[in-house]
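A.B. asks: what would the 3D arrangement of this be:
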Amino acid sequence: MELKIRKCNSNYIIDVNGEMDLYNSYKLKEMVMKMLEKKVENFIINLDNVDYIDSSGIGALIYICSTIKKMNFKLIITNIHGTVKKEIELTKLMGYFPSTNSIEEALLQIGN
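C.D. replies: Alright, predicted model coming up:
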């Protein structure tokens, strides 16, 4: 899994590439925690290039989501599709994650 961060105004977009599984989902968690320490408040996690997620990946997203909610910061997960969407739907968590279909939608929803 490869992670890239880009900034759009006060929003940070994390592009996730590859598989989110037991062996690497901790990387996303660690990155978000470091960004929170640096007072980043608006996150967009882009899953457009993620074709596989397991329970560890879903667990990492739950942890990130709950941590950001507790801090009253903003998070949107975008471009959830294919088998990743099916896995999240199977766990009945689709409604738990604030999500949009595109980065543009996420930027509009999250504001500046």
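
A.B. asks: which neighbouring elements make contact with the lengthiest strand in the chain?
C.D. replies: Secondary structure assigned by DSSP state E gives strand 42-53 as the longest strand of the chain. Under the contact criterion of 3 or more C-beta pairs under 8 Å, 6 or more residues apart in numbering; DSSP states H and E, strand 42-53 touches strand 11-20, helix 25-37, helix 55-70, strand 74-78, helix 82-90, helix 103-110. All C-beta spots, glycine's among them, are computed from the backbone N, C-alpha and C.

A.B. asks: could I have the CA atoms of it written out in CSV?
C.D. replies: Listed next in CSV are the C-alpha coordinates belonging to strand 42-53 (Å, rounded to 0.1, in the frame of the first residue of the first chain):
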residue,chain,number,x,y,z
ASN,A,42,-10.0,18.2,7.6
PHE,A,43,-9.3,14.9,6.0
ILE,A,44,-10.4,13.3,2.8
ILE,A,45,-9.3,9.6,2.4
ASN,A,46,-9.4,8.7,-1.3
LEU,A,47,-9.9,4.9,-1.9
ASP,A,48,-10.1,5.2,-5.7
ASN,A,49,-7.0,2.9,-6.2
VAL,A,50,-7.9,0.4,-3.4
ASP,A,51,-9.2,-2.9,-4.8
TYR,A,52,-9.0,-5.0,-1.7
ILE,A,53,-9.7,-4.4,2.0
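
A.B. asks: hmm, back to that, so which of the helices and strands packed on strand 42-53 is the most packed in?
C.D. replies: Among the helices and strands packed on strand 42-53, strand 74-78 has the highest mean neighbour count (mean count of other C-beta atoms under 10 Å), at a mean of 21.

A.B. asks: so what's L47 scoring on pLDDT?
C.D. replies: L47 carries a pLDDT value of 97.
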